[in-house]
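In: Sequence and computational prediction follow.
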Amino acid sequence: MKSLPITNQSNRIFAVLAVLTLVLSSLFSSLFSQKAAAAEIPSSITAASLTTNGTVAPGENMDLSFTWKVDDSTPIQSGDTITLTLPDTLAFPTTLSGLQLSVNGVPVGTYTLDATTGKIILSFNESGEAYFAANPNTKGGVVGAKVIASRSVQQNTQPTEITTGSFEGIPLANYTFEGVGDGQIDGYTFKYGYVSTSDPTVINWIIIINGSQDIIRNIKISDTIGDGQTLDGNIRLVRLAYKDGGYKTEEEARNAAVIDNYSSNITINGNTWEFSYGTPGNYNNVYNAPGTGVEYSPTFFIQYRTRISDVSVPTGTLSNTVSFEGSNFPLRTREAKVNYDFSSWAVSWGVKSTAAQIAAKKILEGQTLEADQFEFELYEVAANGTETLIETVKNRADGSIVFSPITYTSAGLRSYVVREKAGTDPQITYSSVELNYKVNVTYENFQYLAQVGAPADTSFKNIYTAPTTTTTSTTTAEPTTTVTTTTAEPTTTVTTTTAEPTTTVTTTTVEPTTTVTTTTVEPTTTVTTTTAEPTTTVTTTTAEPTTTVATTTVEPTTTVTTATTAEPATTTIAATTTGDPTTTEAAITTTVNIPGTTRSTLPPSTKKGQTLPKTGEENSLTTSLIGFALLSLVGVTGVLYRRLKSA
């Protein structure tokens, strides 16, 4: 038979080994793999409702409530999520993250309300995984959220019945939107405001003046900012291009071409800003339409924003009033109102300061708390939910958790979340609570002031459980040690004879009968039985100068029997008879150890016997599989190597 080249055989060996490696890798992966990666799990909404207080104003909160459900057979693991989407007629006033998600009063995770995408994201943590594993028939709960009319709805200038639509397949009640401005469409004044989705302490205001492009000479526009708010940033005021028929909607004005930007011509005086336009060079704000010669006065599009000055008031209504007039046009005013609601933040506001300091409290049950025993992380949460680690600190001896003061160089609302880093002590159950804080920064008296909003409960509670003590008694038997024990009365004299380093041979010739010698010692009975063949029986004992050795030669079928009687003071000594017709040697086995006795230990016997198993030995499926796999690999490698060598 033609042999394969060595190189080809080597390649085959390596190929086989590679396959075995893959098999072993798969085996080990299945045995030691971690949890499955977090995933979006299937769910359903079984109920949903939308509650209003009647006609809805711009920015006014409505209450959305819904019930979510996951099938009992679907496992929920830490990191799994459920994502839901609002209908396009509703929006969140602001992005909120880290809100506690509970089932039957048990925290199982958190949820996020994303104002940018209109999505609700339920996220489950380790506590939830453990709870649902123990209660698989309770995978569901109720969630509530504050919602407002969406931007598309807020473009309605008149009271409008809004068909809300469905939330994840469940129809919601319709609502009436009151419209922006005063509801009058006269082509001259258009104004409304809405709460910013990125910062709910900011109100965005939109003004359109002279959408009909009527002739208004020497126009003057002013706006008065109401109580509880301050102007935030610059005011944008632009002149739009001529449009045949004028501008009838905000969308048309937003998409129009900009001819001039007059933002730098605005004068600010306290809470009032003002703009005047009309010079002889511009024909007192009268233009000729391109290609038509039609005279017109332009449409002005204005945008600005205000910031709520006191967020410690959780709900309120803000209003601004715009006015304009011309040398040929009477004064007209329009007031716009915006409602806001911060109650969903569930925070208590502190005093304003030049720096924000976030603090919490550590509680440890079952053990005395020590300084620097636990670690805590502070994250800043962006409007889109992105988190940035700010600082990591440890608790003080009194349980206080204090982060470094934070200063600011711009106004705005900031969101923070504090979490405890889980430790590794198996006796401690670590807190999975997330604490959400708000910091509102305002610019007042030429400095930035921060106001911290903290949750009602700012504590992290861990529980220490003392380990359970288990007492185990272990007995290890010496399988080959022979011990001779003699029990005697207190008056019994034991005589020990040590032989010289010579060999003494005693030969006894007996008749073909059985001789039995019995010696009785109080209270111990010793029985010696000797059975001899009709030939000479020789007993040979060889002793070293300091060691007494009893030598016993046995055939494979010889059995050494140890017998223990129920009587506490009885020692049974069994004589062993070999199958050799010329030699009988005695072996003594001790089975009773009585206090006060004298014990001498002989060297281990040469007889092989079963070894008792060690106490506490365990055999697991994992160990067996690994051993089997490794032995298989070694065996196959050896076979292939021998084939290669023989080739």
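Out: Great, that's in hand.
In: ranges for the strands of the stretch 51-200 of the chain?
Out: Along the stretch 51-200 of the chain, the segments classed as strands by DSSP state E, counting those that start in this stretch run 62-69, 81-85, 90-91, 96-103, 106-114, 119-124, 140-149, 160-162, 166-167, 170-171, 175-177, 189-195.
In: and the fifth one, which residues are buried?
Out: Burial within strand 106-114, assessed by neighbour count using 16 or more other Cβ atoms under 10 Å, is assigned to 107-114. (Each C-beta comes from the backbone N, C-alpha and C, glycine too.)
In: re the thing from before, of all the strands of the stretch 51-200 of the chain, which one is nearest residue 461?
Out: Residue 461 lies closest to strand 106-114 among the strands of the stretch 51-200 of the chain, at 11.9 Å (Cβ to Cβ).
In: what angle sits between the closest one and strand 96-103?
Out: 150 degrees (axes from the mean of the first three to the mean of the last three Cα atoms, to 10 degrees).
In: Parallel or antiparallel, which strands does strand 106-114 pair with?
Out: Here the strand partners of strand 106-114, with direction, are listed using DSSP bridges: strand 96-103 (antiparallel), strand 119-124 (antiparallel).
In: outside of the longest one, which residues touch it?
Out: It stands for strand 96-103. Judged by Cβ atoms under 8 Å, 6 or more residues apart in numbering, the contacts made with strand 96-103 from elsewhere in the structure are 107-113, 122-124, 128, 131, 138-141, 143, 344-345, 381, 385, 415, 417, 434, 436.
In: The same query, at a cut-off of 7 Å, please.
Out: 107-113, 122, 131, 138, 141, 344, 381, 385, 417, 434, 436 (Cβ atoms under 7 Å, 6 or more residues apart in numbering).
In: rewinding a little: tell me which of the strands paired with strand 106-114 lies nearest to residue 267.
Out: strand 96-103 (38.4 Å).
In: Buried ones in the closest one, by neighbour count?
Out: Using 16+ other Cβ under 10 Å as the burial criterion, the residues of strand 96-103 that qualify are 96-99, 101, 103.
In: Could you do stretch 453-470 as well?
Out: By 16+ other Cβ under 10 Å, the buried positions in stretch 453-470 come out as 453-455, 458, 460, 462.
In: Turn the residues you listed into TSV, including distance to residue 296, secondary structure and pLDDT.
Out: Shown next, in TSV, are the buried residues of stretch 453-470 (distance: Cβ to Cβ, whole Å; DSSP: H, G, I helix; E, B strand; the rest coil; pLDDT from 0 to 100):
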residue	distance to residue 296	secondary structure	pLDDT
453	50	strand	91
454	56	strand	93
455	57	strand	90
458	61	coil	94
460	66	strand	96
462	73	strand	95
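In: Just give me the closest of those to residue 89.
Out: Relative to residue 89, the closest of the buried residues of stretch 453-470 is residue 453; by Cβ to Cβ it sits at 29.8 Å.
In: my guess is that closest one contacts residue 438, does it?
Out: Yes: under the criterion of Cβ atoms under 7 Å, residue 453 is in contact with residue 438, at a separation of 3.7 Å.
In: so what sits against both of those two?
Out: With Cβ under 7 Å, 6+ apart applied, the overlap between the contact sets of residue 453 and residue 438 consists of 345, 347.
In: Distance-wise, check residue 239 relative to residue 64.
Out: Note on residue 239: its distance to residue 64, by Cβ to Cβ, to the nearest Å, is 41 Å.
In: for residue 231, same thing?
Out: Following Cβ to Cβ, the distance that separates residue 231 from residue 64 is 33 Å.
In: More neighbours: which of these two?
Out: Taking residue 231 and residue 64 together and counting by other Cβ atoms under 10 Å, residue 64 has the greater number of neighbours (22 against 17).
In: ok, what's across the strand from the more buried one?
Out: With DSSP bridges as the criterion, residue 64 is bridged to residue 50, residue 145.
In: List the contacts of it.
Out: By Cβ under 7 Å, 6+ apart, residue 64 lies in contact with 50, 144-145, 147.
In: ditto for residue 146
Out: With Cβ under 7 Å, 6+ apart as the criterion, the residues that contact residue 146 are 61, 63, 93, 341, 344.
In: Among those residues, which pair sits farthest apart?
Out: Comparing all pairs in these by Cβ to Cβ, the longest separation belongs to 63 and 93, at 12.3 Å.
In: of the two, who's got more company?
Out: In this view residue 63 and residue 93 are compared by other Cβ under 10 Å, and residue 93 has more residues nearby, 24 against 14.
In: and the residue lying closest to residue 460 once chain neighbours are set aside, how many neighbours does it have?
Out: Once flanking residues are discounted, residue 460 sits nearest to residue 431: 4.2 Å by Cβ to Cβ, 6 or more residues apart in numbering. The criterion is other Cβ under 10 Å. On that basis, residue 431 has 22 neighbouring residues.
In: begin at 795 from here
Out: All right, first residue 795 from here; so that's residue 1225.
In: per-residue confidence at residue 1225?
Out: Per-residue pLDDT puts residue 1225 at 92.
In: my guess is it contacts residue 1256, does it?
Out: Yes: under the criterion of Cβ under 7 Å, residue 1225 makes contact with residue 1256 at 5.6 Å.
In: one step back: now the strands of the stretch 845-994 of the chain as CSV including mean pLDDT and distance to residue 1105?
Out: Listed next are those as CSV, based on pLDDT from 0 to 100; distance: least, Cβ to Cβ, whole Å:
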stretch, mean pLDDT, distance to residue 1105
strand 856-863, 94, 21
strand 875-879, 95, 28
strand 884-885, 92, 20
strand 890-897, 84, 14
strand 900-908, 90, 18
strand 913-918, 94, 24
strand 934-943, 91, 15
strand 954-956, 89, 29
strand 960-961, 94, 29
strand 964-965, 93, 33
strand 969-971, 90, 26
strand 983-989, 85, 12
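In: can the ones you listed go into a markdown table with extra columns for distance to residue 1106?
Out: Written out in a markdown table, the entries for those read as follows (distance: least, Cβ to Cβ, whole Å):
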| stretch | distance to residue 1106 |
| --- | --- |
| strand 856-863 | 23 |
| strand 875-879 | 32 |
| strand 884-885 | 25 |
| strand 890-897 | 18 |
| strand 900-908 | 22 |
| strand 913-918 | 28 |
| strand 934-943 | 18 |
| strand 954-956 | 32 |
| strand 960-961 | 32 |
| strand 964-965 | 36 |
| strand 969-971 | 29 |
| strand 983-989 | 17 |
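In: Any idea which of these gets closest to residue 1166?
Out: Going through the strands of the stretch 845-994 of the chain one by one, with Cβ to Cβ as the measure, strand 890-897 comes closest at 25.6 Å.
In: Using PDB, write out every CA atom in the closest one.
Out: Only the C-alpha atoms of strand 890-897 are listed here, as PDB (Å, rounded to 0.1, in the frame of the first residue of the first chain):
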ATOM      1  CA  LEU A 890     -36.600  61.900  31.100                       C
ATOM      2  CA  SER A 891     -34.400  58.900  31.800                       C
ATOM      3  CA  GLY A 892     -33.900  56.500  34.800                       C
ATOM      4  CA  LEU A 893     -37.500  56.600  35.900                       C
ATOM      5  CA  GLN A 894     -38.200  53.600  38.100                       C
ATOM      6  CA  LEU A 895     -40.100  50.700  36.600                       C
ATOM      7  CA  SER A 896     -42.000  48.600  39.100                       C
ATOM      8  CA  VAL A 897     -44.200  45.500  39.100                       C
END
